[in-house]
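Q: here you go, sequence then predicted model.
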Amino acid sequence: MSSSEAPPEALPDGAPIDAEPIKAVPVRHYGRWVAGVVILFLAFIVIRSVITNDALQWPVVGDYLFDDRVLRGLQNTLILTVISMLIGIVGGILLAVMRLSPNPLMSGAAGIYIWLFRGTPLITQLVIWNFLALAYPRLGLGIPFGPEFVSWDTNQLITQFTASLLGLGLNEAAYMAEIVRGGIQSVDGGQLEAASALGMSRTKTLRRIVLPQAMRVIIPPTGNETISMLKTTSLVVAIGYFELMVAVQTIYSQNYKTVPLLIVAAAWYLFMTSVLTLVQMQIEKRFARGTSRDVATKSRWAARMLGFRFGSGSSGGGR
């Protein structure tokens, strides 16, 4: 050994250390490859059968995909979804706060509301709101058992659009109340005690401490409820409000192109739910920053799906 070469490192007992790095070989998941090939083959068969099936009448689908009536129904569907979810979220927060209130009257009232609206079918609620005039021909404001200051004809006050919003929004509020309540209760109770020790009011504690942390629990199911609401708006067909499904039904009742027009509706629903899913993923990613969930989502797709590590940037730290 020349004098310019550094002596090899040695253990305390004088034994030399092998400086060659350990090359860890990741486990090969061959079953995933086999399953992936089978799934791709089945997907190819299904897609080919759908594309080559003349009974689906794809030219007719293309003709009606952007039809004015379909687009108008789509617009009404989106309006119903947005307003109903706003009613549901605001109402759900209020009901959740009432449900957690130490006041037994407030808690009991919220509990009865949730029990009533979750315990009856949504389509039944829609029909009841639409035909409310049969039970209450006029609705008014005044002193109980006294004079009435103002009143309205129920048929004029509750239109099909209003009945749709009341049915969808108030029903959604009952489900959102349980989602918000679960999110609030997921926050550690010690933080509430600390806020109380600092002299913060219940409302301020809820707004500044509880809700910001509960959002990580509330956001995912709220996104699911929004996507579900988009599809649930089709139930207003029971009261005849013009939305996407009513639009396609109106068209195929005239030209008898039932299957292609149902595909048109399905295509628009799939497109809108896909957009909402992407928005939900971005919102969840934002609220998950700095948590273990955020780290998990950064792992490479190939490493998670196939069990192989490609390149030097795998999140395991080793090559």
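A: Ah, there it is. Residues are numbered from 1 along each chain as shown.

Q: list the buried residues for the helix or strand containing residue 179?
A: Following DSSP states H and E, the helix or strand that holds residue 179 is helix 160-185. Within helix 160-185, the residues that count as buried by 16 or more other CB atoms under 10 Å are 161, 163-181, 183-184. C-beta coordinates here come from the backbone N, C-alpha and C atoms, glycine included.

Q: please apply the same query to stretch 21-29.
A: In stretch 21-29, counting by 16+ other CB under 10 Å, buried: nothing.

Q: quick one: end-to-end length of it, please.
A: Across its full length, stretch 21-29 reaches 25 Å between end residues, using CA to CA, to the nearest Å.

Q: tell me the mean pLDDT over that stretch?
A: Averaging pLDDT along stretch 21-29 gives 75.

Q: give me the number of residues near residue 219?
A: Neighbours of residue 219 under the rule other CB atoms under 10 Å: 18.

Q: list the contacts for it?
A: By CB atoms under 8 Å, 6 or more residues apart in numbering, the residues touching residue 219 are 280, 283, 284, 287.

Q: among the residues you listed, name the buried ones.
A: Buried among those (16+ other CB under 10 Å): 280, 284, 287.

Q: where's residue 243 relative to residue 163, distance?
A: Residue 243 sits 13 Å away from residue 163 when distances are taken as CB to CB, to the nearest Å.

Q: about what we covered before: could you dump the contacts of residue 219 into TSV and include pLDDT?
A: TSV is the format used below for the contacts of residue 219 (pLDDT from 0 to 100):
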residue	pLDDT
280	87
283	84
284	81
287	73
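
Q: all strands for the stretch 1-150 of the chain, in order.
A: All strands of the stretch 1-150 of the chain, identified by DSSP state E, counting those that start in this stretch, fall at 138-142, 148-153.

Q: and the following helix or strand past the longest one, which residues are buried?
A: Looking back up the chat, that one is strand 148-153. Moving toward the C-terminus from strand 148-153, the next helix or strand (DSSP H and E) is helix 154-157. Across helix 154-157, burial judged by 16+ other CB under 10 Å covers residue 154.

Q: contacting residues around residue 151?
A: Counting by CB under 8 Å, 6+ apart, residue 151 makes contact with 138, 139, 140, 141, 142.
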